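**Student:** coords please:
(2 chains)
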Amino acid sequence: MSSTPSSSSELKTESAPTEAVAKRGWHEDYAAIMIGAMLVILSLLVTWSGRPSEEPGNRKLHSKGWPNALSKTIDKPQAWNSNPIEGLTNAKSKKNVGLPIVLGMVWIVAIGVVGSWLMGRAPIHFLVGGLFLVCLTCIAYFLAAQKFVESYNLEYPLWALMVGLIIGNTVGEMKWLKPALIGEFFIKTGLVIFGAEVLFSRLLELGLPGLLTAWVVTPIVLIATYLFGVYVLRIPSRSLCMTISADMSVCGVSAAIATAGACKAKKEELSLAIGLSLFFTVIMMVVMPPFIEWIQLDQVVGGAWIGGTIDATGAVVAAGESLGKEAGEVAATVKMIQNSMIGLIAFGVAVYWAGWVEKSDKKAEVSLGYEVWRRFPKFIIGFFCASVLCSFIFTMGGEESLLVDGSNKGFIGPLRGWLFCIGFICMGIQTNFRQLAPMLVSGRPVIMYVLGQALNLILTLTVASLTFGWLFKK
Amino acid sequence: MVIQEMIRNQLAESGWLRLALCASIVAGIWLIVLPRLSSIDIVAKHIEHLEEREVHAGAMYYTDLEKLPTRPAWIEDEIVLW
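**Tutor:** As a prediction, the model looks like this:
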């Protein structure tokens, strides 16, 4: 009945078909694109149908975008301290979120059933294991909502991985559970709809100083850390180097997930990158604000420094706000600009990987373009198209931007969270950390992260001082 | 064959036992240890500060935040300049 965790596998693409791909079914990338596209369009249409009659373009009146009827069908456990039942009530609105949580679980099971069907598998086989997995997902969300855990930015992927690892290393992959372990499909579908939240127009939110802080430093740190890991530290896995570099230089877990998909990183590599990111995020979130106060750095420069260096968005806002309101605003906006870079970075990494890293032996026989296309992770196209579509709608005008905000805030964002969370549960169950043991013992990934972050800290402080402290000083 | 089957069953049972043990440890940490940590003065202040300002520190992406980030008003002039 029980078995040990299965061997590692990539966040699979067309070049690496496994049992997950049935003979007559679609590849999971295409299934993820199809379902993701339908969900994004559905959310936009439902939000559009709920267009407010009074001042639909007034951002102050509709600060979270237009109301989205689908928001009533999905939510996650709220913050609780000693009694998890508290997590069923929103402390601010006093609204019970029990039903939306259950409906959120139904969404995930329904997506799993349709996905299994598209991939040529019997949906009924998914159903039993899927119900069990979605319950584990809910448990992971409850673990992440504990106040202490949440206030130090220990995000749900960590707990989803932990829950999965516990299952995988105690009762193992049970026979009835195996058909439901389609974690890659869930993560890829989550990434496709995540594209709708990656808005290019946000890149210009802070004008030139923001662009310089986020756009000059981030690519330099990303590339320098990657090259340092590959050529100086000689870490054997390039995908591990890229995933760690992206999560450290761009925006933590979300960047790690997108880049790991683009460079076909192994599950264990993504887990390691996320663990490293969350560990150092907690340290930086606690240490940076008092350090900035101690060296008497200008609040705006300090906010930009925090926004450009701390990995996770929540931790950035928490650290920035502890310096002051203005620092919090600048920190959050710089981080938002970095967030918006994920689309381009994931696309660039996918092209680089397909064209240069995974070189074919049959180079002479086929063109580079064909090779790139054959190896390209197709779901990235879905992710990119969703991003372009929503960015285009967002820039059309005030009303349209509120349509996108309402769609993302009310439905796409929460659904993406559930999809990633169940994906990480599956990853935890199937993860074999023994494969990473030699690398962890060598300490090279940690050295790479620390030195890369040191470079990030120095460069970001320099550019933030130059832009926010001198050229565009308040 | 029978012995193999028995060993397999025993292993499966011990798996469920180990799962129960792990679940108990997790429950103990989350229901006893973490609430106590939250009540330590410095941690309680940190949590209170975040709640006052409606900061969702567990946000993974900016759309997960309670309030979408807004640029400070003074920077408008700088943006117009370029």
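**Student:** what about A:Val154, distance to A:Val253?
**Tutor:** No Val there; residue A:154 is Leu. When distance is defined by C-beta to C-beta, to the nearest Å, A:Leu154 is 11 Å away from A:Val253. In short, each C-beta sits where N, CA and C put it, glycine included.
**Student:** where does chain B dip in pLDDT?
**Tutor:** B:1-2, B:4, B:6-13, B:74-82 (pLDDT under 70).
**Student:** can you pull out the helices in it?
**Tutor:** Taking DSSP state H to define them, one finds helices in chain B at B:2-28, B:34-38, B:41-52, B:75-81.
**Student:** hang on, isn't A:Ile393 packed against A:Leu403?
**Tutor:** Yes. Using C-beta atoms under 8 Å as the test, A:Ile393 is close enough to A:Leu403 to be in contact (6.5 Å).
**Student:** what residues are up against A:Leu344?
**Tutor:** By C-beta atoms under 8 Å, 6 or more residues apart in numbering or on different chains, the contact set of A:Leu344 is A:Phe200.
**Student:** Please identify the helix or strand for the residue positioned nearest the centre of chain A.
**Tutor:** Among the residues of chain A, the smallest C-alpha distance to the mean C-alpha position (C-alpha atoms, centre = their mean) belongs to A:Ser254, namely 2.1 Å. Secondary-structure element containing A:Ser254, defined by DSSP states H and E: helix A:253-262.
**Student:** Distance of the nearest residue to A:Asn456 once chain neighbours are set aside relative to A:Trp418?
**Tutor:** In space, A:Asn456 comes closest to A:Val221 once its chain neighbours are excluded; the distance is 4.6 Å by C-beta to C-beta, 6 or more residues apart in numbering or on different chains. With distances defined as C-beta to C-beta, the gap from A:Val221 to A:Trp418 amounts to 31 Å.
**Student:** A:Ser49 too?
**Tutor:** 23 Å.
**Student:** higher neighbour count, the two?
**Tutor:** Using other C-beta atoms under 10 Å in any protein chain shown, the more surrounded residue of A:Ser49 and A:Trp418 is A:Trp418, with 25 against 10.
**Student:** Once you drop chain neighbours, what's closest to A:Asn81?
**Tutor:** The spatially closest residue to A:Asn81, leaving aside those adjacent along the chain, is A:Lys147, at 4.7 Å (C-beta to C-beta, 6+ apart).
**Student:** before we move on, the earlier item: check which helices and strands the next helix or strand after the helix holding A:Ser254 sits against.
**Tutor:** From helix A:253-262 onward toward the C-terminus, using DSSP H and E, the following helix or strand is helix A:267-294. Contacting helix A:267-294 under the criterion 3 or more C-beta pairs under 8 Å, 6 or more residues apart in numbering or on different chains; DSSP states H and E are the following elements: helix A:156-170, helix A:238-246, helix A:253-262, helix A:299-309, helix A:313-323, helix A:413-430, helix A:444-466.
**Student:** Tell me which other helices or strands the longest one touches.
**Tutor:** The reference is to helix A:444-466. Contact here means 3+ C-beta pairs under 8 Å, 6+ apart; on that basis helix A:444-466 packs against helix A:217-227, helix A:238-246, helix A:267-294, helix A:299-309.
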